[in-house]
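1. please find the sequence and the predicted model below.
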Amino acid sequence: MAQQETWLIKHAVTGRSFADSRKQSFDCHFESVDGVFRFMLQELPRETAEAIVRYSGELNVFRFVTPVDDGPVVKHWYYVTPESVEYHDQTDKLTFEAGSEIEYHPEEFWGD
């Protein structure tokens, strides 16, 4: 059984949620190569993808990872590189990169 991932893309200023994998069905492919985090989303509504492009300079991306052993959920917070955000309407793909990540482990912040 693989870990479960939840994805959330939000407007950093207003908190508006553009995409939330708990409420919407879309595919997100993620890879990390040499400190660059690459994202490819498919099956987002066109209006959603266009809004993400429009606000590319003000995005926060969150990835919540639930381990298979039912351990605590680990939160990953990515700062999107604005000029990397592109929507490819012919292929229905939204791609972007992030140059930094903050990883939160709840047990490191909320001790007894």
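-> Structure's in. What do you need?
2. spit out the contact partners of the residue sitting nearest the centre point of the chain.
-> Nearest residue to the geometric centre of the chain (C-alpha atoms, centre = their mean): V61, 3.7 Å. By C-beta atoms under 8 Å, 6 or more residues apart in numbering, the contact list for V61 reads 7-10, 39, 77-78, 80, 98. Just so you know, the C-beta spots here come from the backbone N, C-alpha and C atoms, and that holds for glycine as well.
3. kindly confirm my reading that it is in a strand.
-> Yes - counting by DSSP: H, G, I helix; E, B strand; the rest coil, V61 falls inside a strand.
4. that one pairs with what?
-> Counting by DSSP bridges, V61 is bridged to I9, Y78.
5. confidence score at G111?
-> According to the prediction, G111 has pLDDT 55.
6. and the nearest residue to D89 once chain neighbours are set aside, how many neighbours?
-> Excluding its sequence neighbours, the residue lying closest to D89 (C-beta to C-beta, 6 or more residues apart in numbering) is R46, at 6.9 Å. By the criterion of other C-beta atoms under 10 Å, R46 has 11 neighbours.
7. picking up where we left off before, can I have the buried ones of the contacts of V61 as a ChimeraX selection?
-> Selection of the buried residues among the contacts of V61 in ChimeraX, burial being defined by 16 or more other C-beta atoms under 10 Å:
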select :7,8,9,10,39,78,80,98
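8. can you add pLDDT and give the contacts of V61 back as CSV?
-> Converted to CSV, those look like this (pLDDT from 0 to 100):
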residue, pLDDT
W7, 95
L8, 96
I9, 97
K10, 96
F39, 97
W77, 95
Y78, 95
V80, 94
A98, 95
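9. out of the contacts of V61, flag the one nearest to F18.
-> I9 (4.6 Å; C-beta to C-beta).
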